[in-house]
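> Using only what follows, build the 3D model:
(chains A and B)
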Amino acid sequence: MKQPHKEHAPCVEDPDLFMAMDDLELVAHGVVEGLLSGGHKSKFIGFSNEFDSHRKYIVGDDLRHVNWNLWAKTDRLYVKQYEADTNLNLYLLMDQSRSMLAQNGGHTKWAYAARAAASLAYLSLRNRDATGLFLLEREWGVSLPPAVKGGHLQHLVALLEQSVVADEFPITRMLDQLPEMMQHRGIVVLFSDLMDNEQELLEHLDQFKQMGHEVIVFQVLDPYEVELPTSNGWFEFVGLEGGGKRKGNTKQLAEAYQLVVKRWQDRLYNRFKEIGVDWVKVTTNQPLQDVLVEYLLKRIHH
Amino acid sequence: MHFIQLIFIIGLGALVIPIIIHLIKSNKAPRVWLGSLRFLEQAMQLQRHQKSWREIILLILRLLLITALVFLFARPFGYKNSHYNVEQQITLLMIDASGSMGGNYHGKQMVGIACEKANAWLKKEQFNGELIYACFADEVMEVSHLDSIPRETGCATDYEKALSWAQNRLLNSGKKAMRLVLFTDCQKSGFKGNESMEWPANIELKVERILPAASVNNGIQEVIIPDLVKDKLAHLEPVWTIDSLSKGEIVLEINGEQQKALQSNGQISWKPQQAGWVNGELHWKGNDAYGFDNRFFFRKYVEEPHKVHLIEGNRGKSRFGNASYFIEKALNVEGKNENSLLIDVVNQLPSELDDAIVFCDGGHIQENRTKQLASWLNEGGSLIYFLGPKSNPKKLNQLHSKKLFPVKVKNCDSPSIQRVEQWNMKHPALANFRNKSGTGLSSIVFEKHFDFEGYEPKQVLAGYADGTPAILDKQVGKGRIVVVSNPPNRAWTDWSIERMFLPVVRELILHMTSEKGARTPTVQVNCQLLNYPEPGIYNKELVVNADLQEQDVTTVAADVFYEMIGVDKQDNINENAKVKRIKGEELPEEWFYFIALIVLGLLLIEALVAYWKH
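Residues are numbered from 1 along each chain as shown, chains lettered A, B, ... in the order given. Model (predicted):
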């Protein structure tokens, strides 16, 4: 079967490069630094909002935020701090339902989502945004409230690395309990394949919007979930949620399948648009930077 | 439908290929993991109708394609149905009359069965063309009617000669619709081992197989009395006796054991120990100036010897003083308890296994045994009375009242010389003497005899000149009673030294002990006779079938038979005699092109359907 992720040569933006790495922190670092040091740098400089105060420079601070005028006057390095830096919270919601294990070729949707989430957390914490992580598991157990303290990233990454996706459950049940833990206004980022109950999911996301959160939904899909294998012939399709197996000839099914998926995504687009949720569809063969770009764009406009 | 290249029909087996592909191609499909199958199922619902129809159409197209290709290579053809006039039709019916057809099947000789089948076949066919009959063995003989086919079998089978004759006969007839119907047992040894024959395609051949008899008596057909006039003869069973010439050497080997000839007279006597098949070889070598050396092989089924209980009323001490001496001789017994033929004291009843009781010069039965004996008689037993000096008419009349004696008996006080002239030749016991001239039966003289009362004419087996009975035969229940009014005693008659004595007594015994209708008349076969005249009471004759080949009666199935004579059964059997079918003459070339066009059309359609989506 043709590998779906081999459309261009490996580079820093190649998801395969980062997907092959098990250390999520390293992945996050690589993805973010690669993004910011590359062609996207100018685009995302000064994404902060209003200036708030200064603080002493510490090693690792971005030199772009150093107030050179103040350095000239006082001979000391101060870094500009912005209002949003400390007030914005990033809530990462991770769908851990069984369907996230879908994998045809490269890696699972969960692996992709986990790396994307780690990268976002790295980026967010780098900008001193409090970042929280909520794993939508069968039983509510693991969550990491937003924070910017040192070691928070490692803690968050460790949680992601230790997470095991195995069960089949509705993520909407877990979303019921989240509002209590998301009192501070922020950005809610949901990584999911959205194969759950659409109506309930939208109601919850709408609730987040009503609470003043910005909501970004990254719909992570396997490439074959968007478009059936292009090679003609018979395939056995295994459903991870709901179980079951079906045999079908993609030669005959591809067109109809694409039509059905397109209807589904059109419906999602319209509903998300109605409630003001940003919906980003990504497939596991897309570069992880795409996720960051979407986030940063949202962050800038926040 | 018929094919020139029938072998290509095997190609139809390829039909399973598309079916297997259709069935298994979805079984070895690679897996695709999806989060949920709901979208796929929705897509399948959309595609269901289109998919199934397309697959089925493709399957049918491929099956048709293979079938058409097979037909293309097998090259079907049709026979031209040419109807000929009655004048142009000829049918030859050939009956196998060889030795192997001489066996009996459920009491009927196989040749007779073949003729019956031929008659039935003729009635079923109902055609009006010319009809010829012939029979064959190692020679062929054209006959005017089925009844003219000789039943005497014994000759070898030669199919090659028979079929060659049939071909010539039919081809020379000048007819156009020719057919041969062969009624035979498909005997394997009828093929001489030559290369397979070639049967002309323009003669239709039909073989009607006659099932082989359950037991075919090869070798020695029967020990018979071929001509009662010339020689004094007697049956040899259950003891086979072969007398050698005065000069010469004779060796009889039966079941691998050599039977030694007696030094005194060169006679060999072999008594079968049990019923069943025996294989034998008779080696006869003359040692005179014209010495010769002959070997005869034979196979014979030995029947269970009859168990006859002989009750002597006047057993003498010497050969000439013993009243039952000649009866013993006729029954092949030389003494007491020999070869299951029991000689016992007066009034001792037989065991239930006895086939017959012979009362010689007696007939005195104890009172308390009469009921038992009457019951045995009614169940199928047989009684033979040879009345003599010791027979008491009073006691015999008492037996008559108890239905153990067929008639009333008068006293026999004075001599009354009479000739036994009237023999009922229709009686089964005398069947072997029928139509035989000079048997000497009418020359038998009884110098003394008993007279009877209360008999019916039909019970008289033999009578005197005045019509009074000499020998009576009466059915009692399932059993039978025979009364001879004279003992074979030299004081009463010289019959016992006549040449017809032993044959008549022997036939009487066989008649009494045989089941009704089961005994088939002896059949004289066309065979070689070993005839050894011997001065004395009687001569013996051993009959050995002529052809060793007929001893192997292994048959083959009709299909194999067709192959052996070079005929493709499928192409030559035609139930309609009016139709002439000649293989390969009328190949419809247009069929070939037509099928080729179908193949091309199917290929095109299949390609269109298969790649329609692309």
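
> Do the helix or strand where residue A:94 lies and chain B come into contact?
For residue A:94, the element it lies in under DSSP states H and E is strand A:89-95. No. Using C-beta under 8 Å from any C-beta of the partner chain, strand A:89-95 stays clear of chain B, coming no nearer than 10.0 Å. Quick note: C-beta positions are derived from backbone N, CA and C, even for glycine.

> Sheet-wise, list the partners of that strand with their directions.
strand A:130-136 (parallel), strand A:186-192 (parallel) (DSSP bridges).

> Dump the ones you listed to TSV, plus mean pLDDT and distance to residue A:154.
As requested, these are exported to TSV (pLDDT from 0 to 100; distance: least, C-beta to C-beta, whole Å):
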stretch	mean pLDDT	distance to residue A:154
strand A:130-136	86	12
strand A:186-192	88	20
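
> Any chance of TSV for those, columns distance to residue A:236?
Listed next are the strands paired with strand A:89-95 as TSV, based on distance: least, C-beta to C-beta, whole Å:
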stretch	distance to residue A:236
strand A:130-136	29
strand A:186-192	26
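
> Can you get me a residue count around residue 148?
Let's take chain A. 17 (other C-beta atoms under 10 Å in any protein chain shown).

> could you do chain B instead?
Using other C-beta under 10 Å, residue B:148 has 12 other residues around it.

> same check, this time on the one 3 residues further on
Taking other C-beta under 10 Å as the criterion, the count of residues near residue B:151 is 15.

> where does the stretch 501-614 of chain B have low pLDDT?
Applying pLDDT under 70 to the stretch 501-614 of chain B flags the ranges B:502-503, B:506, B:513-554, B:567-591, B:611-614.

> which stretches of the stretch 301-450 of chain B aren't confidently modelled?
B:301-308, B:312-326, B:328-355, B:362-364, B:413-414, B:432, B:435-439.

> Tell me where it has helices.
Taking DSSP state H, counting those that start in this stretch to define them, one finds helices in the stretch 301-450 of chain B at B:325-330, B:367-378, B:393-401.

> possible to save these as JSON lines with distance to residue B:183?
Output for these, formatted as JSON lines (distance: least, C-beta to C-beta, whole Å):
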{"stretch": "helix B:325-330", "distance to residue B:183": "42"}
{"stretch": "helix B:367-378", "distance to residue B:183": "45"}
{"stretch": "helix B:393-401", "distance to residue B:183": "54"}
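
> now, of those, which is deepest in the fold?
With neighbours defined as mean count of other C-beta atoms under 10 Å in any protein chain shown, the helices of the stretch 301-450 of chain B peak in mean count at helix B:325-330, which reaches a mean of 23.

> mind listing the helices in the chain by residue range?
Using chain A here. Counting by DSSP state H, chain A has helices at residues A:15-19, A:24-37, A:41-44, A:68-74, A:83-87, A:109-126, A:152-162, A:171-175, A:198-210, A:223-226, A:250-275, A:288-301.

> nope, chain B please
Here chain B has its helices, by DSSP H, at B:16-24, B:38-74, B:110-125, B:159-171, B:325-330, B:367-378, B:393-401, B:501-513, B:558-564, B:569-572, B:589-610.

> burial count for the nearest residue to residue A:185 once chain neighbours are set aside?
Nearest non-adjacent residue to residue A:185, counting by C-beta to C-beta, 6 or more residues apart in numbering or on different chains: residue A:212, 4.5 Å away. Residue A:212 has 11 neighbouring residues, counting by other C-beta under 10 Å.

> what's the spacing between residue A:212 and residue A:264?
Note on residue A:212: its distance to residue A:264, by C-beta to C-beta, to the nearest Å, is 29 Å.

> Next, the residue nearest to residue A:185: phi, psi?
Per-residue torsions, residue A:212: phi 100, psi 10 (degrees, to the nearest 10).

> isn't it right next to residue A:184, touching?
No. Taking C-beta atoms under 8 Å as the definition, residue A:212 is not a contact partner of residue A:184, at 9.2 Å.

> For residue 92, which residues are in contact?
Picked chain A for this. By C-beta atoms under 8 Å, 6 or more residues apart in numbering or on different chains, residue A:92 lies in contact with A:117, A:120, A:121, A:131, A:132, A:133, A:134, A:156, A:189, A:191.

> wrong one, I was asking about chain B
Counted by C-beta under 8 Å, 6+ apart, residue B:92 has contacts B:132, B:133, B:134, B:166, B:169, B:170, B:178, B:179, B:180, B:181.

> Out of these, who's the most crowded?
residue B:178 (26 neighbours).
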